[in-house]
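Student: A structural model of the following input is requested.
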Amino acid sequence: MVELMDWKNSVHGHRFIASFSGGKDSTLALFKAMKVGEAVGLIVMMEEEGKRSRSHGMPPELIRAQASSIGLPIYSAAASWTDYEKVFIRLLEEAKNQGAEVLVTGDLDMPGHGSWNEKVTNYVGLKLGMPLWEMNHRAAVEEFIDLGFVTVIVTVNLSLGMLEDDLGRTLTHEYVKELEARGIDPCGEGGEFHTTVIDGPIFKHPIPVRHGEIVRDGDYAFLPLELDQ
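Tutor: Below you'll find the model as predicted:
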C-alpha cells in the first residue's frame with residue numbers, strides 16, 4: 001500500500017490512469033498527479049444503460065467535454081454493481097496495455113491496507129497513487145478553490161443537512177465556511193453532496209453547461225447538468 005508521504009514516488013516519472021468521477025476530489029488528484037507523472041487517460045464507469053456515470057450521474061456528452069478540455073482519452077464501460085469490479089479490472093488492463101503503470105484515485109479516507117483500490121491494482125499489476133489520502137478535508141477544498149477550479153453542486157442528501165437551494169452553487173471559501181457552520185463536511189465525504197467540475201487549471205477551456213430541472217428521489221435531490229452547445 002502506498003504510504004501517506006510516498007504517493008509521489010508511486011507516480012513520479014510514471015504513466016498513470018486516473019479514476020475520474022468528474023467531481024472535485026478526482027479532479028484535484030488528477031491535477032496533482034499530472035504535475036509529477038504522465039496521464040494515459042481517465043477511467044469513467046457508467047450505469048448499466050450507459051446514460052449516466054456510475055458515481056455522479058453525469059451524461060456521457062458532459063464527461064466527453066471534460067476529457068476533451070483536459071486533453072485525455074476516456075476508458076469507459078457500463079456496469080452493474082454486480083459486475084463492477086470485473087469491468088473496472090478490464091479497463092485497468094486496457095490502460096496497462098497502453099503503458100499505464102499506476103492507478104490514481106481521489107480518495108481521502110481509504111483504509112491504509114486492504115482497500116478495494118489496492119485489491120484491483122494488485123490483481124492487474126499496477127501501483128496505486130492517492131494524492132489526497134489522509135489530507136485534511138478543509139485543506140483539500142481550500143487548495144482546490146485556490147487553484148482556480150470551478151465546481152457545481154449537483155447532488156445533495158437532504159437527510160444530512162443539505163438543501164435543495166445548495167444545488168447549482170459553486171464552491172467558494174465563503175460557502176465552505178457556511179457548510180461547516182451547518183455541520184457539513186466541506187468535502188462531502190459523508191455523502192452529503194457531489195459536484196461536477198467545469199473549469200480549472202487543467203482545462204483548456206470552461207465547460208458550458210445549463211441547469212436542468214431538479215429531480216427528487218427519497219432523501220436525495222439532483223440537478224442535471226446538460227452541455228450547453
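
Student: name the residue most distant from the centre of the protein?
Tutor: The C-alpha centroid of the chain is most remote from Ala181, which lies 24.9 Å away (Cα atoms, centre = their mean).

Student: read off the pLDDT value for that one.
Tutor: Looking at Ala181, its pLDDT stands at 96.

Student: and Glu226, by the same measure?
Tutor: With respect to pLDDT, Glu226 has a value of 91.

Student: so it: helix, strand or coil?
Tutor: Classification of Glu226 using DSSP: H, G, I helix; E, B strand; the rest coil returns strand.

Student: could you pull up the contacting residues of it?
Tutor: 59, 62, 209-212 (Cβ atoms under 8 Å, 6 or more residues apart in numbering). (C-beta placed from N, C-alpha, C; glycine too.)

Student: how far away is the residue farthest from the centre of the chain from Glu174?
Tutor: The gap separating Ala181 from Glu174 is 11 Å, by Cβ to Cβ, to the nearest Å.

Student: helices along the protein, start to end?
Tutor: 7-11, 24-36, 60-70, 84-97, 116-124, 137-146, 173-181 (DSSP state H).

Student: now distance to Cys187 too, for these, in a markdown table please.
Tutor: Conversion of the helices of the chain to a markdown table gives the following (distance: least, Cβ to Cβ, whole Å):
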| stretch | distance to Cys187 |
| --- | --- |
| helix 7-11 | 18 |
| helix 24-36 | 7 |
| helix 60-70 | 20 |
| helix 84-97 | 23 |
| helix 116-124 | 18 |
| helix 137-146 | 4 |
| helix 173-181 | 9 |
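
Student: could you find the closest non-adjacent residue to Phe229?
Tutor: Careful, residue 229 is Gln; it's not Phe. Pro208 (7.2 Å; Cβ to Cβ, 6 or more residues apart in numbering).

Student: so who does that neighbour touch?
Tutor: Contacts of Pro208 by Cβ under 8 Å, 6+ apart are 227-229.

Student: so where's the protein shaky on pLDDT?
Tutor: 1-9, 111-113 (pLDDT under 70).

Student: what bridges to Ile43?
Tutor: Bridge pairing for Ile43 (DSSP bridges) gives the partners Ser19, Tyr75.

Student: so how far is Ile184 from it?
Tutor: 28 Å.

Student: between the two, which is the more surrounded one?
Tutor: More crowded of Ile43 and Ile184, by other Cβ atoms under 10 Å: Ile43, with 24 against 20.

Student: next one: that one from Trp81, what distance?
Tutor: Relative to Trp81, and taking Cβ to Cβ, Ile43 is found at 16 Å.

Student: and Asp185, by the same measure?
Tutor: For Asp185, the distance to Trp81 - Cβ to Cβ - is 24 Å.

Student: who has more neighbours, the two?
Tutor: Taking other Cβ under 10 Å, Asp185 and Trp81 do not tie; Asp185 has more neighbours (18 against 9).

Student: which ones are touching that one?
Tutor: Going by Cβ under 8 Å, 6+ apart, Asp185 touches 137, 179, 192.

Student: count the residues that sit near the nearest residue to Leu223 once chain neighbours are set aside.
Tutor: Nearest residue to Leu223, sequence neighbours excluded (Cβ to Cβ, 6+ apart): Leu167, at 4.0 Å. Neighbourhood size, Leu167 [other Cβ under 10 Å]: 20.

Student: cool, Arg169 as well?
Tutor: Residues near Arg169, counting by other Cβ under 10 Å: 18.

Student: wait, what's in contact with it?
Tutor: 152-153, 175.

Student: and if you look at Ala29?
Tutor: Taking Cβ under 8 Å, 6+ apart, one finds 18, 104-106, 130-132 in contact with Ala29.
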